[in-house]
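**Student:** sharing a model prediction with you, sequence too.
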2 protein chains.
Amino acid sequence: MLYLIGTGLTAKDISLKSLEIIQRSKKVYLEIYTSKLKEQLKELEEIYKVKIHEASRNLLECTNEIINESINDEISLLIIGTPLLATTHTDLLIRAKEHNVSVNIIHNASIINVMGCYGLYSYSFGRIISIPYFEDNWKPTSFYNNIYNNKINNLHTLCLLDIRVSENEERFMTPNEALNQLMQCEEIERKGLIELNTEVFVICRFGTNEEAIYFGSIEEMLCKNFGKPLHSLIIPCKMDVLEREHVNILFNAKK
Amino acid sequence: MLYLIGTGLTAKDISLKSLEIIQRSKKVYLEIYTSKLKEQLKELEEIYKVKIHEASRNLLECTNEIINESINDEISLLIIGTPLLATTHTDLLIRAKEHNVSVNIIHNASIINVMGCYGLYSYSFGRIISIPYFEDNWKPTSFYNNIYNNKINNLHTLCLLDIRVSENEERFMTPNEALNQLMQCEEIERKGLIELNTEVFVICRFGTNEEAIYFGSIEEMLCKNFGKPLHSLIIPCKMDVLEREHVNILFNAKK
């Protein structure tokens, strides 16, 4: 049996059920490449009272090692946040099925819980998008167009920011970098989606003790330092009257 | 301090952090009107080892009782699933702020974790919709149109089904009732969204030990008995090649 277990947003977000499974598992892995918390491996080990092994992208995607181990034993694969939000893990489900290994999924909180937290209606969010790092020769604008499509359908957009975690690098896109890339997309696409006075929410370290949320124009946000990762953005569409009222109260905004 | 604490999907989904807060709280409430699990109050009391008070819609929405209690003490309000997904609770945040009561939110798993679990891409979901019970004189079709809008934007729709929990009644919409209402909407709107051979996912008791998922045509689903609540639907848009392949493997479908 293979357990895919969401750790939630902080070390102590683990559930009672998950902890029981983790503590009786033959071996416990932590997926370390779609999120942060690599540094928290030791902290998780202390709280869970088990030895935790790192599971690299290579181990999970290019080998069946963990699936083979799960044929006769209970194996836990910890995933920061909640499992299966990152589609990279669907492939693991498929391969487990091909090897007749049962998979049990234990969900937990993740960044998608942010919908509804800051005065916007959770059912007024459209598709979630990711903003990938631009490269010198690769500046895709599809995320800009997806935000635009949400907006013309009167839907807010939660934007997840790129993460690069490997043996060689550890980079987390800052809100400033993300907003800057959005401005570059505007230069290319020119749909009037992103202007200096466009209002955005910047979400810092969601769900942790150091959570901080800022709401204001892109111009105001561009010069701020948002501190340690992880960060996300919400690009709201035109808010409904009650949403605007709630946002104004929650953020002491004056508009 | 007022804590809004998500209980997750089953009794043992509570997190270590939440349990610490619950056990040191002066008083613990369970919000009982936007979800099920009223029957599990006793079970939660046993697992959490605290006395739990029921919080009715009236208590939460028409009085400031819980907010007043939170001025000088730590009070926990348990919410099945995750807090603030149901917008009914934003009002509580606002009133707490007006009374200078700090609110701390502890997220957990909820039905929105379903995105990404069954072969569909989580980032290909559009807005989440709710299907309300039709009344004799009230047959709104806005949810149909929202599903339609998602579909023409090539986005899947997660449909939450209506719940009526009060002192006088306890009703949970079945997938059959929901599909039946969708067929009635089709009769009215005639956009070709819902036909007997339209494929849907029926999600039963998501995240619990009795979870069951069915995938097939509405015609196949209409005659099934899906058992105890809670239930939800996913109305997929046209799947991408890889999604279709994954869904076929996961559900042993032949198409």
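**Tutor:** Looks like it came in fine. Numbering: from 1, shown residues only, chains lettered A, B, ... in the order given.

**Student:** past the longest helix seen in chain A, which element shows up next along the chain?
**Tutor:** The single longest helix within chain A, with elements called by DSSP state H, is helix A:175-189. Downstream of helix A:175-189, the first helix or strand assigned by DSSP states H and E is strand A:199-204.

**Student:** what does the helix or strand just after that following strand contact?
**Tutor:** Counting by DSSP H and E, the next helix or strand C-terminal to strand A:199-204 is strand A:212-217. Strand A:212-217 is contacted by residues A:118, A:196-205, A:221, A:224, A:226-227, A:247, A:251, A:253 when judged by C-beta atoms under 8 Å, 6 or more residues apart in numbering or on different chains. Glycine gets a C-beta too; all of them are placed from N, C-alpha and C.

**Student:** is it true that A:Arg127 touches A:Asn145?
**Tutor:** No: if you go by C-beta atoms under 8 Å, A:Arg127 and A:Asn145 don't touch, sitting 11.4 Å apart.

**Student:** can you tell me the distance between the two ends of stretch A:196-214?
**Tutor:** From its first residue to its last, stretch A:196-214 covers 16 Å (C-alpha to C-alpha, to the nearest Å).

**Student:** over to stretch A:112-128?
**Tutor:** End to end - C-alpha to C-alpha - stretch A:112-128 spans 8 Å.

**Student:** now check it, is it near chain B?
**Tutor:** Yes: using C-beta under 8 Å from any C-beta of the partner chain, we find that stretch A:112-128 touches chain B at A:112-113, A:115-117, A:119, A:121-128.

**Student:** A:Leu19 touches B:Asp13, doesn't it?
**Tutor:** No: at 11.1 Å, A:Leu19 does not count as touching B:Asp13 under the criterion of C-beta under 8 Å.

**Student:** OK, contacts around the spatially closest residue to A:Glu43 that is not a sequence neighbour?
**Tutor:** Counting by C-beta to C-beta, 6 or more residues apart in numbering or on different chains, the nearest residue to A:Glu43 once its immediate chain neighbours are dropped is A:Ala11, at 4.8 Å. Taking C-beta under 8 Å, 6+ apart, we find A:Ala11 in contact with A:Gln40, A:Glu43, A:Leu44, A:Ile47.

**Student:** ditto for A:Lys12
**Tutor:** A:Lys12 makes contact with A:Ile47, B:Ser15, B:Leu16, B:Lys17, B:Glu20, according to C-beta under 8 Å, 6+ apart.

**Student:** neighbour count: A:Arg127 and A:Asn145, which is higher?
**Tutor:** Of the pair A:Arg127 and A:Asn145, A:Arg127 is the one with more neighbours under other C-beta atoms under 10 Å in any protein chain shown, namely 24 against 15.

**Student:** how close does that one sit to A:Ile194?
**Tutor:** 18 Å (C-beta to C-beta, to the nearest Å).

**Student:** likewise for A:His53?
**Tutor:** Taken as C-beta to C-beta, the span from A:His53 to A:Ile194 is 43 Å.

**Student:** give me the more crowded residue out of these two.
**Tutor:** Neighbour totals were compared for A:His53 and A:Ile194, and A:Ile194 leads with 21 against 15 (other C-beta under 10 Å).

**Student:** which residue packs closest to that one, ignoring adjacent ones?
**Tutor:** Going by C-beta to C-beta, 6+ apart, A:Ile194 has A:Glu186 as its nearest residue, at 4.2 Å.

**Student:** got the residues of the stretch 151-255 of chain A near chain B?
**Tutor:** Proximity of the stretch 151-255 of chain A to chain B, by C-beta under 8 Å from any C-beta, involves residues A:Asn153, A:Leu155, A:Gly207, A:His246, A:Ile249, A:Leu250.

**Student:** hmm, the second one is touching A:Phe125, no?
**Tutor:** Yes: with contact defined as C-beta under 8 Å, A:Leu155 and A:Phe125 form a contacting pair (6.2 Å).

**Student:** shared neighbours, those two?
**Tutor:** In contact with both A:Leu155 and A:Phe125: B:Arg127, using C-beta under 8 Å, 6+ apart.

**Student:** what residues are up against the nearest residue to A:Asn108 once chain neighbours are set aside?
**Tutor:** Spatial nearest neighbour of A:Asn108, chain neighbours left out: A:Gly6 (3.0 Å); criterion: C-beta to C-beta, 6+ apart. Listed by C-beta under 8 Å, 6+ apart, the contact partners of A:Gly6 are A:18, A:79-83, A:106-110, B:109, B:113.

**Student:** what's across from A:Ile234 in the sheet?
**Tutor:** Counting by DSSP bridges, A:Ile234 forms beta bridges with A:Leu158, A:Phe201.

**Student:** give me phi/psi at the nearest residue to A:Gln40 once chain neighbours are set aside?
**Tutor:** Spatial nearest neighbour of A:Gln40, chain neighbours left out: A:Ala11 (5.8 Å); criterion: C-beta to C-beta, 6+ apart. When quoted as degrees, to the nearest 10, the phi and psi of A:Ala11 stand at phi -60, psi -30.

**Student:** re the thing from before, quick one: which of A:Leu19 and B:Asp13 has more around it?
**Tutor:** A direct count of neighbours by other C-beta under 10 Å for A:Leu19 and B:Asp13 places B:Asp13 higher, at 24 against 18.

**Student:** so that one sits against B:Gln40, correct?
**Tutor:** No: between B:Asp13 and B:Gln40 there is no contact under C-beta under 8 Å: 11.3 Å.

**Student:** check what pLDDT A:Ile66 gets.
**Tutor:** Looking at A:Ile66, its pLDDT reads 96.

**Student:** which one of the contacts of A:Lys12 is nearest B:Thr88?
**Tutor:** Closest to B:Thr88 out of these is B:Ser15 (22.7 Å), distances taken as C-beta to C-beta.

**Student:** which other helices and strands contact the helix or strand of chain A with the lowest mean pLDDT?
**Tutor:** Lowest mean confidence among the helices and strands of chain A (mean pLDDT, DSSP states H and E): strand A:163-165, at a mean of 83. For strand A:163-165, the contact count by 3 or more C-beta pairs under 8 Å, 6 or more residues apart in numbering or on different chains; DSSP states H and E identifies strand A:170-172 as packing neighbours.

**Student:** need the residues that contact the strand it packs on.
**Tutor:** Under C-beta under 8 Å, 6+ apart, the answer for strand A:170-172 is A:Lys36, A:Lys38, A:Tyr133, A:Leu161, A:Asp162, A:Ile163, A:Arg164, A:Val165, A:Pro229, A:Leu230, A:His231.

**Student:** contact partners for A:Phe206?
**Tutor:** Contact analysis of A:Phe206 by C-beta under 8 Å, 6+ apart lists A:Leu9, A:Ile111, A:Asn113, A:Val114, A:Leu230, A:Ser232.

**Student:** how does it look with 10 Å?
**Tutor:** Contact analysis of A:Phe206 by C-beta atoms under 10 Å, 6 or more residues apart in numbering or on different chains lists A:9, A:81, A:109-114, A:117, A:212-213, A:230-232, B:107.
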